[in-house]
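> below are the sequence and a predicted model; questions follow.
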Amino acid sequence: MGNAGEGGIAVAEGWWERNFKNHLAALVFISSFFGLLLTAFWSLAQVTGPGREVFNVLAPLFGTWVGTILTFYFTRENFKEANEAVNRIVDRLTPEQRLAQTPVRQAMKPRGSIKALQLKEGEDEKAILVGDLTALVGEGYSRVLIFTPRGTIKYVIHESTLNRFIADQSRLAEAGQAPADSPSAASLTELLSHQAGDQTICEIAKRFVFVKEDATLADARAAMLAVKGCEDVFVTKNGKSDEPVLGWLTNPDITRDL
């Protein structure tokens with residue numbers, strides 16, 4: 001560790017500078033010890049004279065020096081123990097407390113690192129095929145994000161939803177109720193309009209929430225739990241849906257420590 005010199009350049013400390021306090025303490029302790037011995041012998045050797053008075057004056061002084069050194073070192077040790085105790089308490093924080101202390105910026109996937117599909121200006125969703133979406137699944141991604149040209153999020157399509165659509169289309173094709181083409185050739189428009197239970201895939205694909213960039217993981221979790229079936233939280237500057245996405249959190253990212 002060095003001190004900043006001119007221009008803010010760090011200057012390396014030498015061995016003496018790093019150990020100055022220890023050297024000074026040792027010097028004072030040794031001086032006090034031998035000083036006390038010498039004045040004691042001197043005062044005892046004198047039958048008459050100022051020896052006894054000198055000893056009475058110097059003995060408390062030497063004792064004060066030694067006491068100061070002991071206080072310094074024992075206080076430092078007590079401080080270290082207290083600091084370690086506080087760290088142990090922090091380590092025992094509940095998962096909810098850790099979420100409340102963790103900013104979303106620390107846990108989110110930044111927009112630049114998200115593998116996603118971004119629509120081009122004026123691009124027709126019919127031109128995007130299911131095969132284009134399945135190609136984005138894998139390598140740690142179990143869902144496909146589709147952004148608008150402005151960088152706002154439009155759809156989140158989970159791998160399970162894609163698989164369900166493909167399975168449904170294959171069964172319909174076998175029954176002669178759908179084209180025999182591969183389900184991968186179906187368009188995004190067809191995928192979104194497909195009925196999955198009591199909802200369309202479009203409704204499922206829009207089941208996400210937003211938080212602002214200075215929110216915590218506790219805020220993100222609360223927003224996610226407020227929407228049934230929601231598994232995705234997007235971070236924008238002010239937590240609004242019409243703002244460009246800054247980052248993305250999935251349910252495992254938020255609940256990993258719970």
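Noted; the coordinates are in hand. Bear in mind the structure is a predicted one, so any value in this text is a computation, not a measurement.

> do you have the helices of the stretch 51-200 of the chain handy? List them.
51-91, 95-101, 104-107, 130-134, 159-174, 188-193 (DSSP state H, counting those that start in this stretch).

> other residues contacting the last one?
I take that to be helix 188-193. The contact list for helix 188-193 (C-beta atoms under 8 Å, 6 or more residues apart in numbering) reads 125-126, 128-130, 133, 146, 155, 157, 162, 165, 200-202, 205. Where you see a C-beta, it was placed from the backbone N, CA and C, and this is true even at glycine.

> max pairwise distance over the residues you listed: which two?
Largest separation among these by C-beta to C-beta: Leu129 and Thr200, giving 18.6 Å.

> more neighbours: those two, which one.
Leu129 (18 against 15; other C-beta atoms under 10 Å).

> what about the more buried one, distance to Thr152?
Distance of Leu129 to Thr152, given as C-beta to C-beta, to the nearest Å: 23 Å.

> how about Thr236?
From Thr236 to Thr152 the distance is 8 Å (C-beta to C-beta).

> so those two - more neighbours on which side?
Thr236 (21 against 16).

> roughly how far does that one sit from Ala26?
As judged by C-beta to C-beta, Thr236 and Ala26 stand 60 Å apart.

> just the strands from the stretch 151-258 of the chain, written as ranges.
153-158, 195-196, 199-200, 209-212, 232-236, 247-250 (DSSP state E, counting those that start in this stretch).

> what strands line up against the last one, and which way round?
Next to strand 247-250 in the sheet, as set by DSSP bridges, lie strand 109-110 (antiparallel), strand 232-236 (antiparallel).

> for the residue nearest to Leu117 when sequence neighbours are not counted, give its distance to Thr75.
Once flanking residues are discounted, Leu117 sits nearest to Ile146: 5.0 Å by C-beta to C-beta, 6 or more residues apart in numbering. For Ile146, the distance to Thr75 (C-beta to C-beta) stands at 61 Å.

> neighbour count for the two, which is higher?
Ile146 (20 against 10).

> how far away is the closest residue to Leu217 other than its chain neighbours from Thr255?
Spatial nearest neighbour of Leu217, excluding adjacent residues (C-beta to C-beta, 6+ apart): Leu99 at 4.2 Å. Distance, Leu99 to Thr255, by C-beta to C-beta: 9 Å.
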